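Sequence plus predicted model, see below.
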Number of protein chains: 2
Amino acid sequence: MASSLVPETRPLHIHHLKAACSNCSVLELCLPIGLSGPEVERLDTLIVQRFKVKKGTALYRTGDPLLSLYAVRIGSFKTSMLSVDGREQVTGFHIPGEMLGLDAISGDEHACNAFALEDSEVCPIHFAQLEKLAQSLPSLQHNLNRLLSREIVRDHSMLMLMGNMNSDERLAAFLLNLSQRLSIRGYSPRDFVLKMRREEIGSYLGLRLETICRGIAHLRDQGLVEIAGREVKILDMEGLKQLVAGCQRPQH
Amino acid sequence: MASSLVPETRPLHIHHLKAACSNCSVLELCLPIGLSGPEVERLDTLIVQRFKVKKGTALYRTGDPLLSLYAVRIGSFKTSMLSVDGREQVTGFHIPGEMLGLDAISGDEHACNAFALEDSEVCPIHFAQLEKLAQSLPSLQHNLNRLLSREIVRDHSMLMLMGNMNSDERLAAFLLNLSQRLSIRGYSPRDFVLKMRREEIGSYLGLRLETICRGIAHLRDQGLVEIAGREVKILDMEGLKQLVAGCQRPQH
DNA sequence: CCCCCCTGTTGATTTACATCAACCACACGT
DNA sequence: ACGTGTGGTTGATGTAAATCAACAGGGGGG
């Protein structure tokens, strides 16, 4: 298995996204279960109504009751927890084809906040109905289990990053991870736009925003990337990978 | 919901553990689903044969195929990931009544190592059979979902700890968390024994072992705890809680 | 159009923790 | 009994990142 910083590759390419005009194809992106015919129709019934979320607004907040999970269709989100004294910890960024809300299953209420980083669109998946449907579709249930477990693996790799990597390594790992996830979804792995602020990257990586700026400067000085504002161009993918190679989980 | 550093209280007390002479009562501790009669018997069939794991030996290792999840019956475990260049990141400690192996579901192979911190005993739960059984027992499936989701919430709180807390706060949070989990299982929340070394606590909290020692000294100087070697006595539970109050997720 | 706020960048200084090092207690094996 | 190894504690010093601070660019609203 690939390191969590380099998510496991699945056979999904741009034509899948391009074809995503129905609700269900996004669902299949998140819960790729290989259904057919009438089963697809049953899956479709889970989706109440896909809807838009404006930049900066909350899709849900800590404590909201769990009604639906959400598949990101268009745009991007950050999830974050707020401490009593007001510090924010960003726990993840989510791009199209990824699922939001898994941490709510535990207590029937959302355990974090989800904010749109840009004008976005999601497919809500009514959770109680999903569980009900999963009863009669074993492969759907299995994929839900895997989805939850994958999130755990991802979080463990973040703990490894927080525990063992220095600031430049964290930043490189972040960029590589994002690049790979975008690539899986059919976007360019070398040229992309950061939808979040430096401060949010910093919170996610356990660093201050100034440290992110300096890290960017370091990577630029080494000729690994070209970053102007939020526009990223990766010049030396192998160089970036070498930077984080030692501090990651062995591949396979 | 309680902060992950203070796990949610469930109605489980020492008499549950004391009565744990069958395999199944440990399972019910992990997957408390309120089954009865013939359903319990079906659950029993999942358990191949409970077995002992000697101190210092591996229950499983990264890359091992997923055969079973494991419920800790007696003793304790650490789970850890090893980076390419040999650094260890401890991702969790596990006491009786807790489940091991959830991160393996994602890729059908274990994504971390699990080592016994003392002579221990586990109940293996054959995963393929568990999934099969869960199909016909919705409440079992629901509880598996919750178990997975709870692990995600726990990991997010660890990320918050790594991102926002200083060394003394992390140590206090660690002690409080352990205290609470032991309490739920029927052990004393004020007096307990650390089964792991300082170095392992450090790895878990993203600190060096010397920093753990100094943190212990600080907490002792403030009259909050008495720690001699691995024997812990919590003197001022409220004081400890105040120390971490500001940097945690709001309760409820 | 201009102003102001938000975001990002870079420099100077401080600091919390890591690192290096010495030492102690204890358990275990001979 | 002794030597040896492992785990734990404490002190001195180094350093990576936080903090404090100044400033620049750009976009939106009046």
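Done, it's in.

Hmm, A:Phe127 is touching A:Pro65, no?
No: counting by Cβ atoms under 8 Å, A:Phe127 does not reach A:Pro65; the two are 10.2 Å apart. Any C-beta I mention is one placed from the backbone N, CA and C, and that applies to glycine too.

Could you tell me the end-to-end distance of stretch A:121-133?
24 Å (Cα to Cα, to the nearest Å).

Next, the contact list for A:Glu169, please.
A:161, A:243-244, A:247 (Cβ atoms under 8 Å, 6 or more residues apart in numbering or on different chains).

ok, now with 7 Å
Residues near A:Glu169 by Cβ atoms under 7 Å, 6 or more residues apart in numbering or on different chains: A:243-244, A:247.

Quick check: it is in a helix.
Yes: with DSSP: H, G, I helix; E, B strand; the rest coil as the criterion, A:Glu169 is part of a helix.

With neighbour numbers in mind, choose between A:Phe127 and A:Pro65.
More crowded of A:Phe127 and A:Pro65, by other Cβ atoms under 10 Å in any protein chain shown: A:Phe127, with 20 against 10.

residues touching the more buried one, list them.
So A:Phe127 contacts A:66-69 (Cβ under 7 Å, 6+ apart).

Mind checking which of those are in helices?
Counted as lying in helices by DSSP state H, out of the contacts of A:Phe127, is not a single one.

Out of those, flag the one nearest to B:Gly97.
A:Leu66 (25.0 Å; Cβ to Cβ).

Am I right that the closest one is in contact with A:Ser106?
No: using Cβ atoms under 7 Å, A:Leu66 makes no contact with A:Ser106, being 9.1 Å away.

So for the two, which residue has more residues nearby?
A:Ser106 (23 against 20).

and the more buried one, helix, strand or coil?
Strictly by three-state DSSP, A:Ser106 counts as coil.

Excluding residues flanking it in the chain, which one is nearest A:Asp64?
Counting by Cβ to Cβ, 6 or more residues apart in numbering or on different chains, A:Asp64 lies nearest to A:His110, which is 4.7 Å off, once chain neighbours are set aside.

Hmm, I typed the wrong one, I wanted A:Ile227.
Per Cβ to Cβ, 6+ apart, closest to A:Ile227 is A:Ile216, 5.1 Å.

I'd like to know how far that neighbour sits from A:Leu194.
The gap separating A:Ile216 from A:Leu194 is 10 Å, by Cβ to Cβ, to the nearest Å.

Stretch A:237-248 near chain B anywhere?
Yes: Stretch A:237-248 comes into contact with chain B (Cβ under 7 Å from any Cβ of the partner chain), by way of A:245-248.

so for that stretch, what's the average pLDDT?
Throughout stretch A:237-248, pLDDT has a mean value of 93.

Show me how far it is from its chain's centre.
21 Å (Cα atoms, centre = their mean, to the nearest Å).

For that stretch, give me every contacting residue.
By Cβ under 7 Å, 6+ apart, stretch A:237-248 touches A:3, A:5, A:164-165, A:168-169, A:172-173, A:175-176, A:224, A:234, B:83-85, B:87.

Then stretch A:97-108?
A:26, A:29-30, A:59-60, A:65-66, A:68-72, A:77, A:79, A:94, A:110-112, A:114, A:147-148, A:151, A:185, B:1, B:8, B:145-146, B:149-150, B:152-153, B:156.

Return the subset of those lying in strands.
Among the contacts of stretch A:97-108, DSSP state E puts A:59-60, A:68-72, A:77, A:79, A:94, A:114 in strands.

a markdown table for those residues, including distance to A:Gln180 and pLDDT?
Formatted as a markdown table, those follow (distance: Cβ to Cβ, whole Å; pLDDT from 0 to 100):
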| residue | distance to A:Gln180 | pLDDT |
| --- | --- | --- |
| A:Leu59 | 24 | 97 |
| A:Tyr60 | 27 | 97 |
| A:Ser68 | 28 | 95 |
| A:Leu69 | 23 | 96 |
| A:Tyr70 | 22 | 96 |
| A:Ala71 | 19 | 95 |
| A:Val72 | 17 | 95 |
| A:Phe77 | 18 | 98 |
| A:Thr79 | 19 | 98 |
| A:His94 | 15 | 98 |
| A:Ala114 | 22 | 98 |
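
what's the closest of the residues you listed to A:Tyr204?
Of those, the one sitting nearest to A:Tyr204 (Cβ to Cβ) turns out to be A:Thr79, at 9.8 Å.

Now for the nearest residue to A:Gln222 once chain neighbours are set aside, how many residues are close by?
Nearest non-adjacent residue to A:Gln222, counting by Cβ to Cβ, 6+ apart: A:Gly239, 7.0 Å away. The tally of other residues near A:Gly239 (other Cβ under 10 Å) stands at 15.

For the residue in chain A that DNA strand C sits nearest to, list the residues it contacts.
Nearest residue of chain A to DNA strand C: A:Arg197, at 3.2 Å (Cβ to the nearest atom of the strand). For A:Arg197, the contact set (Cβ under 7 Å, 6+ apart) is empty.

let's go with 10 Å and repeat that
A:78, A:117, A:203, A:209, A:212, A:230 (Cβ atoms under 10 Å, 6 or more residues apart in numbering or on different chains).
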